[in-house]
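Chemist: Here's my sequence, what's the structure:
(chains A and B)
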Amino acid sequence: MESLGFEFARPWALVLLALPLALLVVARLVDRPPAWYTGAFELWLRVARTRPDDARAQKRRVPPPLWPFALGLACAALAAAGPRPGGSGAGAWRVIVDRSPSMYLPASTDAGAPTRLERAAKLLEELLAGSELEWLDPGDDAPVPQRSRAMPAAWRSPPEFTRGELDWSAHDAAGVVWLTDRFPAIAPARASVAASGGVALPGLVGVRGGTGLAWDGERIRETTTGVEPACVECAPPLARAWSELVLVWARARELATCAAPAARAELRIAFVADAAAPARTLAFGRDGWRAHGDVRGAVPGRDARGPLAAWLVAEDGTVLVAVGPGRVATVLPPDLVLDEGEEAFAVSFARLFDACLQPARGVVALAERSAAGEACFLAGAPPGPRRSHARSRRACRERAGPRSARAGARRAPVDVRGPSRR
Amino acid sequence: MADPLALPFFSRVALGADYGARLERFTAVVGAELARREGGGRSALDGHGLEFTGHRPYRAGDDPRSIDWSVTARSDRPFVRLSRRDARERWRIAVDTSASMGVGPPGKLQRAAEVAGAFVLLGVRRGAEVELAARGRPLARFHRRVSGTLARLVTELEAWTTDAPGASGPRSDGAAGAFDPGGALRGVARFVWLGDPFASAPRAFFEACERVPARHVLHLCAPHELVAPAAGAIEWRDAESERALAIALDAGARGAYARELEARIADWSDAARRHGARHACASSARPFEDLARAALGA
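Modeler: Numbers count the residues shown, from 1 in each chain, chains lettered A, B, ... in the order given. Sure thing, here's the model as predicted:
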C-alpha cells in the first residue's frame, strides 16, 4: 500500500488509527455539557451574540490532556503499520517480466545455457545489485508485485498457457524496468529496459496433423521427428450443432479429437451444466446468429486453471459460454435449436476455438525463435518521483531484428552499465 | 421505561390526589376574601356584572363609575351601586400548549392547568359561565347549573398535552406566537391567559383581546428560565424548534440573561398596565394557590 511516497509493510495495522479517533469522539461525547429544554431560547441567542467566541465554544470540547495521548496512539498505530519509502519512492525498482514463449528459449546454443529469461534476470540483478526489486508478471490472472532480490523461482518455468505480447506502454514509468529478450518496438520514455538478447533457435514452428513444420534457421521444412499432433478434448454431452462444428473445425485444422479426460489437449471444451439446476428456456446469440434451448445452471467465473471470460451471455445475464487460454466451458444444452444464422454460428465458434487453441507441444512461433540480439540495458528514470528526470541514458551496444532496429534509431548505442545514480 | 438519555420534558398534566381538596379550600378562602373586599372597596375581580344587590355610601378608592347619581341626587352624600359582579358573566380561561410549556421541572403546563382549575372553580362558584380553552380541544364549559364540576374539570385538565419538542419551529419576535384565545372573545367579560412570556409579544396579545373588559395574564417560567443556573456550561435546546446552543454560564452570561428576561417581563407589565390588565410572572415551582392569587392580584 503506497501513500505520499510511503508504503506500509502491515497496512492492516492502519485500522488501529481508528482507536485514537474513537477515543476523541467518546471523550467529546462524555464532555458534552448537560442539555436542557428552554422556552427562552431567543433570549439566550441574544446573550450568545454578545459573548466572546470562547464562551460560546463550550460545545463538546475534548479534554486537553487527551490530545497528546491520542497523538501517541496514532503514532503507535502508524509505527505498527511499518511505514517505509514506497515502491515509487526511493530505491525500489519495479520489474515487469515478459513471460512469452521466447523467454523460455535457451539464450545460446551452448549445452546447459540459461533461458533468455534467466539471463535477463541475472543481468538485471547484477546491474541493480543493492537496490530493492519488485517483480511483477502482468500476464498473471491476478498480478501481485513480489519484492525480492531475485526473480521468483516459479517464474523460471513457462506458464501453463502461452502468453501474448505485453502492452509495454502501460508500464512506462520512472522506476520501472522492462525485463524481456529483445528491445521493444516502441522505446520507453521513462522506463528502463533489460533485454537478454539471444541467438536464433531453430525448431518446430507449427504442427499440421502428424507433420511438424520445423525452422532450420533459414527455411521451414516438414518433419515428423518429435511431433505430437495437437488435440481437442470434447467432454460430452455437447450440443449437436456444436459437436458437429467442433469436428469440422478440428478436421480443417488437422487436429486430433480426444475424449475427456485427456492427459494433454491444446483445447478443452467442457460441458459444465448443473444437472440439478432447474431448466430455463433461454434465447441467446451473437455475431449474427440466434438460438434457444433449455439451459441448466451457468458457467462459473473461473475453473481449476484460472479465471474465465464470458463469451456468450443470455438476455437475462446467464453466462452460457466462457473461455480462457486452451479451454472453453459451456452450458449450451444438447438440444440447442438454431433459430437463424447457421453460417454465422459456425464462423463465430470457429474464431473462438482458434483464439483459444494453444500451440502444440514444442511449437514456438517463428518470430519468437528469431535472434534477439545482444544483451542490453537502457537506463530510464530511477525510482522516486521527487528526483530530477535528467538522466544519462545508456542503451544497447548492439541490436538485432526489426523491432530493436526501430528503437535503436532513436538512441546512440553505448556500453551496458547500471542505472544512473544521483 | 424512560429513556435515560432523553432530556427532561413534561408534556402531560397529572393532578395529584389532593388537588380537588386544595382547589375547594382555595376557592372558599379566596371567594370569601373577594366577597369581603367587594363590600369594602375595589375588587380584584373588577367585573361588569349585572346583578344589582343594593347601595352603600361612597368611600375613598371606590370606582367613580359605580356612583349611582340618581340616589346621590336624592341624598346629601354620594352612593355607589352594589352588584353581584360575576353573576352570569362569561369567563374564558385559555392556556398555551406549545412545546415550551413542557419545560420544567415542574412542567409549566402542569402548573398552568392547576391554576386554570382554580379560576374555573372560582368563576363557577361566583355564578359565572366559564370556558376552558386549550388548543386542539373543544371549549369546555362549566357553570353552576351543571353538577359534577370538579370531576369534569380534573378530567379535562388531565387531557391537556403540549406539542412535541421541535413541532412548532422557531418563533419570531413580535408575532402572536402561541397565543390562541380559543375562539372569538365577543361577549367574554373576563379573559385569563396562562402561558410563558416567550411565546408571544405583548402588543399582538393585547390587540387580540382588547375588547374584553377584564384580562389576567399569568406567565409561568421554569426555575431555570427565571434564574440561569450556575453551571459551567449548558446546551440550551429550544423546545419549539429543537435548535441547540451551547454556552458557558459564567457571571457575565447569567447577568446578560437576567437583563434580557427582566426587559421581556417589563414589556409585558408595561403593556398590561397600559391596557388595564393584570399581569404576573412567576416560577412554575410555586404552588398553584400562590400563582392564582398573583394572577388575580388578590
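
Chemist: what's the next secondary structure element after whichever strand or helix holds A:Glu343?
Modeler: Assigned by DSSP states H and E, A:Glu343 falls within helix A:342-356. Secondary structure here is assigned by DSSP H and E; on that basis, the next helix or strand after helix A:342-356 toward the C-terminus is helix A:366-369.

Chemist: Can you give me the buried ones in that following helix?
Modeler: Taking 16 or more other Cβ atoms under 10 Å in any protein chain shown as the basis for neighbour counts, the residues of helix A:366-369 that come out buried are A:Glu368, A:Arg369. (Each C-beta comes from the backbone N, C-alpha and C, glycine too.)

Chemist: what do you get for stretch A:164-181?
Modeler: Taking 16+ other Cβ under 10 Å as the neighbour-count basis, stretch A:164-181 is seen to contain the buried residues A:166, A:168, A:171-181.

Chemist: From the chain's centroid, how far away is that stretch?
Modeler: Once both centres are worked out by Cα atoms, centre = their mean, to the nearest Å, stretch A:164-181 turns out to sit 12 Å from its chain's centre.

Chemist: For that stretch, give the mean pLDDT please.
Modeler: On average, the pLDDT along stretch A:164-181 is 86.

Chemist: then stretch A:288-306 to CSV, C-alphas only?
Modeler: Coordinates of each C-alpha in stretch A:288-306 appear next as CSV, following Å, rounded to 0.1, in the frame of the first residue of the first chain:
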residue,chain,number,x,y,z
GLY,A,288,-25.4,-12.7,-36.4
TRP,A,289,-26.8,-16.0,-35.1
ARG,A,290,-29.7,-16.6,-32.7
ALA,A,291,-30.6,-19.8,-30.9
HIS,A,292,-32.7,-21.0,-27.9
GLY,A,293,-32.7,-24.0,-25.6
ASP,A,294,-33.3,-25.3,-22.1
VAL,A,295,-30.3,-24.3,-20.0
ARG,A,296,-29.4,-25.7,-16.6
GLY,A,297,-27.1,-23.5,-14.5
ALA,A,298,-24.5,-21.1,-15.7
VAL,A,299,-20.8,-21.1,-16.4
PRO,A,300,-18.8,-20.1,-13.3
GLY,A,301,-16.4,-17.2,-13.4
ARG,A,302,-13.3,-19.4,-13.1
ASP,A,303,-12.3,-23.1,-13.3
ALA,A,304,-9.4,-25.1,-11.8
ARG,A,305,-6.9,-23.4,-14.2
GLY,A,306,-7.9,-19.8,-13.6
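
Chemist: picking up where we left off before, TSV please, covering the buried residues of stretch A:164-181 and showing secondary structure and distance to B:Pro181.
Modeler: Conversion of those to TSV gives the following (DSSP: H, G, I helix; E, B strand; the rest coil; distance: Cβ to Cβ, whole Å):
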residue	secondary structure	distance to B:Pro181
A:Leu166	coil	87
A:Trp168	helix	87
A:His171	helix	83
A:Asp172	coil	83
A:Ala173	coil	80
A:Ala174	coil	82
A:Gly175	coil	82
A:Val176	strand	84
A:Val177	strand	89
A:Trp178	strand	89
A:Leu179	strand	92
A:Thr180	strand	93
A:Asp181	coil	98
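
Chemist: And for the helix holding A:Glu343, what's in contact with it?
Modeler: Contacts made with helix A:342-356 from outside it, assessed by Cβ atoms under 8 Å, 6 or more residues apart in numbering or on different chains, are listed as A:232, A:241-242, A:245-246, A:248-249, A:253, A:267, A:286-289, A:291, A:311, A:321, A:323-328, A:338.

Chemist: 7 Å - rerun?
Modeler: Outside helix A:342-356, the residues within contact range by Cβ atoms under 7 Å, 6 or more residues apart in numbering or on different chains are A:241, A:245, A:249, A:267, A:286-289, A:311, A:323, A:325-328, A:338.

Chemist: And it, how far out from the chain middle?
Modeler: Chain-centre distance of helix A:342-356: 27 Å, with Cα atoms, centre = their mean.

Chemist: ok, which residues in the stretch 101-250 of chain B are in contact with chain A?
Modeler: Applying Cβ under 7 Å from any Cβ of the partner chain, one finds that the stretch 101-250 of chain B approaches chain A through B:103, B:165, B:171, B:173, B:196, B:198-199, B:224-225, B:231, B:233-239, B:243, B:245-248, B:250.

Chemist: coming back round to it: tell me which residues in the helix holding A:Glu343 are buried?
Modeler: A:Ala344, A:Phe345, A:Ala346, A:Ser348, A:Phe349, A:Ala350, A:Leu352, A:Phe353, A:Cys356.

Chemist: now these as a markdown table including pLDDT and distance to A:Arg149?
Modeler: A markdown table is the format used below for the buried residues of helix A:342-356 (pLDDT from 0 to 100; distance: Cβ to Cβ, whole Å):
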| residue | pLDDT | distance to A:Arg149 |
| --- | --- | --- |
| A:Ala344 | 89 | 54 |
| A:Phe345 | 88 | 53 |
| A:Ala346 | 87 | 53 |
| A:Ser348 | 90 | 49 |
| A:Phe349 | 87 | 48 |
| A:Ala350 | 89 | 48 |
| A:Leu352 | 89 | 43 |
| A:Phe353 | 88 | 43 |
| A:Cys356 | 87 | 37 |
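
Chemist: any idea which of the residues you listed is closest to A:Leu66?
Modeler: For the buried residues of helix A:342-356, the minimum distance to A:Leu66 (Cβ to Cβ) is 62.8 Å, reached by A:Cys356.

Chemist: about what we covered before: now that we have the residues of the stretch 101-250 of chain B next to chain A, which of them are buried?
Modeler: B:103, B:165, B:171, B:196, B:198-199, B:224-225, B:233-239, B:245-248.

Chemist: Name the residues that touch the lengthiest helix in chain B?
Modeler: With secondary structure taken from DSSP state H, chain B has its longest helix at helix B:251-274. Contacting residues not belonging to helix B:251-274 are listed as A:40, A:43-44, A:46-47, A:50-51, A:55, B:197, B:202-203, B:206, B:217, B:219, B:228, B:247, B:278-279, B:281 [Cβ under 7 Å, 6+ apart].

Chemist: That helix: what's the following helix or strand?
Modeler: Going down the chain from helix B:251-274, the next helix or strand is strand B:278-283, by DSSP H and E.

Chemist: Could you give the average pLDDT over the very next helix or strand once past that next one?
Modeler: The C-terminal neighbour of strand B:278-283 among helices and strands, as given by DSSP H and E, is helix B:288-296. Along helix B:288-296, the predicted confidence averages to a pLDDT of 93.

Chemist: May I see the buried residues of helix B:288-296?
Modeler: Of the residues in helix B:288-296, those buried by neighbour count under the rule 16+ other Cβ under 10 Å are B:Phe288, B:Glu289, B:Leu291, B:Ala292, B:Arg293, B:Ala294, B:Ala295, B:Leu296.

Chemist: quick one: contacts for the nearest residue to A:Ser370 once chain neighbours are set aside?
Modeler: Setting aside the residues directly before and after it, A:Ser370 is nearest to A:Ala200 in space (Cβ to Cβ, 6 or more residues apart in numbering or on different chains), at 5.4 Å. In this structure, A:Ala200 makes contact with A:Gly217, A:Arg369, A:Ser370, A:Ala371, judged by Cβ under 7 Å, 6+ apart.

Chemist: Can you tell me the element the last one falls in?
Modeler: What that stands for is A:Ala371. Secondary structure assigned from DSSP H and E places A:Ala371 in neither a helix nor a strand.
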